[in-house]
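A.B. asks: Quick one, fold the following:
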Amino acid sequence: MLTAWLDYHRETLAWKCEGLTDDQLRERAVAPSSMSLLGLVRHMAEVERNWFLRVLGGEDAPYRYWTDANPDGEFDDVETADVAGAFASWRDDCERASELVAAAPSLDVTGQRRGERFSLRWILVHMIEEYARHNGHADLLRERIDGSVGE
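C.D. replies: Presented below is the predicted three-dimensional model:
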């Protein structure tokens, strides 16, 4: 059930971006927000990498967009971002995350972040919440761009 809900929310974000031009995906919400659909996709790639690859898998997965100098790089640097590359990276990170989840012996396995242990169950619930919140943002962004609404 948890992985089905996570997949649903991943697909919802992809659907909210479907059929838009690169420029439309880069469109910002309303000042002073730097949020855009492309920024959301890039942000969720970072979140997938963090919780699944780094925390659960213990992998040395470098940040794609975040730096100490620019902690909001996934949102801030979309004007010249490679849109196809961002979507490919996000899909790759989701695929690797799904592999790690499928390989886990139970929902009780844990990974460590900043000295604290997190179970796979906690990570999945957190990721569902993270996508659900940002899919609400995506709903508003998409409606503003071309009037599309739904789910």
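A.B. asks: my guess is residue 135 contacts residue 14, does it?
C.D. replies: No. Using C-beta atoms under 8 Å, residue 135 is not in contact with residue 14, being 10.4 Å away. C-beta coordinates here come from the backbone N, C-alpha and C atoms, glycine included.
A.B. asks: Distance check, the residue sitting nearest the centre point of the chain against residue 26.
C.D. replies: Computing the C-alpha centroid of the chain and ranking residues by C-alpha atoms, centre = their mean puts residue 44 first, at 1.2 Å. Counting by C-beta to C-beta, to the nearest Å, the gap from residue 44 to residue 26 is 16 Å.
A.B. asks: List phi and psi for residue 68.
C.D. replies: phi -60, psi -40 (degrees, to the nearest 10).
A.B. asks: Could you report the neighbour count for residue 41?
C.D. replies: Residues near residue 41, counting by other C-beta atoms under 10 Å, number 25.
A.B. asks: go on, residue 2?
C.D. replies: Neighbourhood size, residue 2 [other C-beta under 10 Å]: 15.
A.B. asks: got the buried residues for the lowest-mean-pLDDT helix or strand in the chain?
C.D. replies: The helix or strand of the chain with the lowest confidence, counting by mean pLDDT, DSSP states H and E, is helix 73-76 at a mean of 94. Using 16 or more other C-beta atoms under 10 Å as the test for burial, helix 73-76 gives 73-75.
A.B. asks: picking up where we left off before, my read: the residue nearest to the centre of the chain touches residue 133, true?
C.D. replies: No. If you go by C-beta under 8 Å, residue 44 and residue 133 don't touch, sitting 10.8 Å apart.
A.B. asks: what's the pLDDT at the residue of the chain positioned farthest from its centre?
C.D. replies: Within the chain, the residue lying farthest from the chain centre (C-alpha atoms, centre = their mean) is residue 105, at 24.5 Å. At residue 105, the model reports a pLDDT of 97.
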